[in-house]
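A.B. asks: everything below, folded, please.
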Amino acid sequence: MPMLPQDEASNFERLDAAMMPLVEAARGRPVVLSDGDRTLSPIDTSRLFLERAGMDSQHIQERFKREGYCFSAFRYHAEAHLRLDPLTFERVSAAVAEEAPLHPGAADFLHRAAEEAAVFVISAGIPRIWRGLLDREGLKHIGVIGGIDPRLPFVFGRWEKGHVCRLFRSAATEVMALGDSDVDTEMMLEADHAVVVLNHRMSADLLPHLAGHRSLHHIAPGGQLAPEIPRLTFESAHRLVCRGPASAAGGATCP
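C.D. replies: As a prediction, this is how the structure comes out:
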């Protein structure tokens, strides 16, 4: 099994090699990058994975609290998952993918956005879970980006998400990013449109970083609003980038 990169430079080399075909395929199109856990789903699927695998997540949480969202902490996070043998990793990932819920309207949002944009779930968690979850919802055409994969592991966190967004911005007509926490900060700062999906903590660690963003919106799945920020719903959010052939005349044809 390939080893996790030991340092940030080799990690970015592996990430870039994985990303460039995706970036080239999206050239000249709008791109939507959506975080997974607590953005499209109300739960943390990585934490559920650890529970179903009989592993304790406390030591991972303590590492993040002590070091912050840095390379070494995310590498430790990835190592904890990848210690499992590949068959167990696959079995638990598939089980969580079957069990994990999506927010009402999230699957429809992905369907509608993909009518015009290249759409990816971009997760600091386990991409195998998100691949299975999307397949379950009939969303096989939606890409998944993440590093906790025994076949090609790399460290993927706050700064890597921002790097991926910059790569897509170099080729796409525009980029829309959705997230819920500070892990998504760099990605959302780089995006043309930032949509905060308010989590169980009202995304308090993310919103201050996005003050002054040129196109900032929020979705409130729990019903509690951020009144100073324009509100969208999962049913309407795709319209930020999905404008249809009438967009040049100022109209929108997407439903």
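
A.B. asks: the helices in this protein, which residues?
C.D. replies: Under the criterion DSSP state H, the chain contains helices at 8-25, 45-52, 58-67, 71-82, 86-99, 106-113, 127-136, 158-169, 185-190.

A.B. asks: list the buried residues in the fourth one.
C.D. replies: Using 16 or more other Cβ atoms under 10 Å as the test for burial, helix 71-82 gives 71, 73-78, 80-82. No exception for glycine: its C-beta is placed from N, CA and C like everyone else's.

A.B. asks: hang on, the earlier thing: can you redo the helices of the chain as CSV with mean pLDDT and distance to Pro221?
C.D. replies: Compiled in CSV, the helices of the chain are given as follows (pLDDT from 0 to 100; distance: least, Cβ to Cβ, whole Å):
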stretch, mean pLDDT, distance to Pro221
helix 8-25, 97, 28
helix 45-52, 95, 16
helix 58-67, 95, 23
helix 71-82, 96, 25
helix 86-99, 96, 19
helix 106-113, 97, 8
helix 127-136, 98, 16
helix 158-169, 98, 21
helix 185-190, 98, 17
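
A.B. asks: can you check which of those gets nearest to Ala177?
C.D. replies: helix 185-190 (4.7 Å; Cβ to Cβ).

A.B. asks: show me what the closest one is packed against.
C.D. replies: Applying 3 or more Cβ pairs under 8 Å, 6 or more residues apart in numbering; DSSP states H and E, one finds that helix 185-190 contacts helix 158-169, strand 175-179.

A.B. asks: which helices and strands sit right next to the longest one?
C.D. replies: Secondary-structure packing of helix 158-169 (3+ Cβ pairs under 8 Å, 6+ apart): helix 8-25, strand 31-34, helix 71-82, strand 175-179, helix 185-190.

A.B. asks: thinking again about what came up before, any chance of the buried residues of helix 71-82 in TSV, with distance to Ala18 too?
C.D. replies: Listed next are those as TSV, based on distance: Cβ to Cβ, whole Å:
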residue	distance to Ala18
Phe71	17
Ala73	21
Phe74	16
Arg75	17
Tyr76	21
His77	18
Ala78	14
Ala80	21
His81	18
Leu82	16
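
A.B. asks: quick check, nearest of these to Lys161?
C.D. replies: Of all the buried residues of helix 71-82, Lys161 sits closest to Phe74, with 10.4 Å by Cβ to Cβ.

A.B. asks: out of the helices and strands packed on helix 158-169, which gets nearest to Val241?
C.D. replies: That would be strand 175-179 among the helices and strands packed on helix 158-169, by Cβ to Cβ, at 4.8 Å.

A.B. asks: buried sites along that closest one?
C.D. replies: 175-179.

A.B. asks: next, the angle from it to helix 106-113.
C.D. replies: Counting by axes from the mean of the first three to the mean of the last three Cα atoms, to 10 degrees, strand 175-179 points 180 degrees away from the direction of helix 106-113.

A.B. asks: Val31 and Leu110, how far apart?
C.D. replies: 13 Å (Cβ to Cβ, to the nearest Å).

A.B. asks: more neighbours, the two?
C.D. replies: A count of neighbours by other Cβ atoms under 10 Å puts Val31 above the other of Val31 and Leu110, at 29 against 25.

A.B. asks: and the nearest residue in space to the more buried one that is not next to it in sequence, what does it touch?
C.D. replies: Leaving aside its sequence neighbours, Val31 sits nearest to Ala172 (Cβ to Cβ, 6 or more residues apart in numbering; 4.2 Å). The neighbours of Ala172, taking Cβ atoms under 8 Å, 6 or more residues apart in numbering as the test, are 26-31, 118.

A.B. asks: which of these has the most neighbours?
C.D. replies: Note: the member of the contacts of Ala172 with the most neighbours is Val31, at 29 neighbours, neighbours being other Cβ under 10 Å.

A.B. asks: distance check, it against Asp108.
C.D. replies: 19 Å.

A.B. asks: which residues of the stretch 151-255 of the chain score low on pLDDT?
C.D. replies: Across the stretch 151-255 of the chain, the ranges flagged by pLDDT under 70 are 244-255.

A.B. asks: which parts of it are strands?
C.D. replies: Applying DSSP state E, counting those that start in this stretch to the stretch 151-255 of the chain gives strands spanning 175-179, 193-197, 216-219, 231-232.
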